[in-house]
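Peer 1: predicted structure and sequence below. I'll ask about it afterward.
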Amino acid sequence: MQLSFLPGVARAERPWKRTTTTSKAAVHALEAVGEAERRRLIVLRGLRAMWNRLQEWPTADELAADLFCRKLIPSKHRDEVAPRLNELADGWWLVRRDGVTGARQRVQVGGGEVERDVKRRSRVSGRKVLTWRVREAGSLPARPVGGLR
């Protein structure tokens, strides 16, 4: 029987459980003040800087640790950079108003600046994870979106 169902037993808080800072409300707040675009730029420049320094494409947690050491992001957790990397690879959604009718429509913008590369062991977490690389100008995507055609 679970402890929380026993009468007289108080549930202890779990201080080790980390809640992610990424949520819809956080993303909307970042977009409202223009912080999301700045963070995407920080991540893209950090990715290029790590390649120039190490000649090896980093994982998300290695990039986060590097940006945190340079005091460009508030935490060294991979959740600070992984959503921005996905946005730079796949694009992000904006809500725009039609100038004539005033109707709201969602449009996908951006994407294609970075791409997912091979998996390798991360120096930070020790797990086998994807590496990220900046896409070269004029190159085709690694594979079409939606599978092979």
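Peer 2: The structure has been received and is ready for your questions.
Peer 1: please make it C-alpha for all contacts and neighbour counts, starting now.
Peer 2: Will do.
Peer 1: which residues in the chain form strands?
Peer 2: 92-97, 104-109, 114-121, 128-134 (DSSP state E).
Peer 1: I'd like these as JSON lines, with mean neighbour count, distance to residue 83 and mean pLDDT appended.
Peer 2: Output for the strands of the chain, formatted as JSON lines (neighbours: other CA atoms under 10 Å; distance: least, CA to CA, whole Å; pLDDT from 0 to 100):
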{"stretch": "strand 92-97", "mean neighbour count": "12", "distance to residue 83": "10", "mean pLDDT": "81"}
{"stretch": "strand 104-109", "mean neighbour count": "11", "distance to residue 83": "15", "mean pLDDT": "83"}
{"stretch": "strand 114-121", "mean neighbour count": "16", "distance to residue 83": "12", "mean pLDDT": "94"}
{"stretch": "strand 128-134", "mean neighbour count": "19", "distance to residue 83": "12", "mean pLDDT": "95"}
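Peer 1: looking at these, which is nearest to residue 84?
Peer 2: Closest approach to residue 84 among those (CA to CA): strand 92-97, 9.4 Å.
Peer 1: can you redo the strands of the chain as TSV, where the extra columns are distance to residue 70?
Peer 2: Listed next are the strands of the chain as TSV, based on distance: least, CA to CA, whole Å:
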stretch	distance to residue 70
strand 92-97	26
strand 104-109	29
strand 114-121	21
strand 128-134	19
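Peer 1: with respect to residue 37, which of those lies nearest?
Peer 2: strand 92-97 (10.7 Å).
Peer 1: got the contact list for the closest one?
Peer 2: Under the criterion CA atoms under 8 Å, 6 or more residues apart in numbering, residues 103, 104, 105, 106, 107, 108, 109, 110, 111 lie in contact with strand 92-97.
Peer 1: could you list the paired strands of it along with their orientation?
Peer 2: strand 104-109 (antiparallel) (DSSP bridges).
Peer 1: how about stretch 42-55: buried residues?
Peer 2: 42, 43, 44, 46, 47, 50 (16 or more other CA atoms under 10 Å).
Peer 1: helices and strands of the protein: which one has the lowest mean pLDDT?
Peer 2: helix 24-33 (a mean of 69; mean pLDDT, DSSP states H and E).
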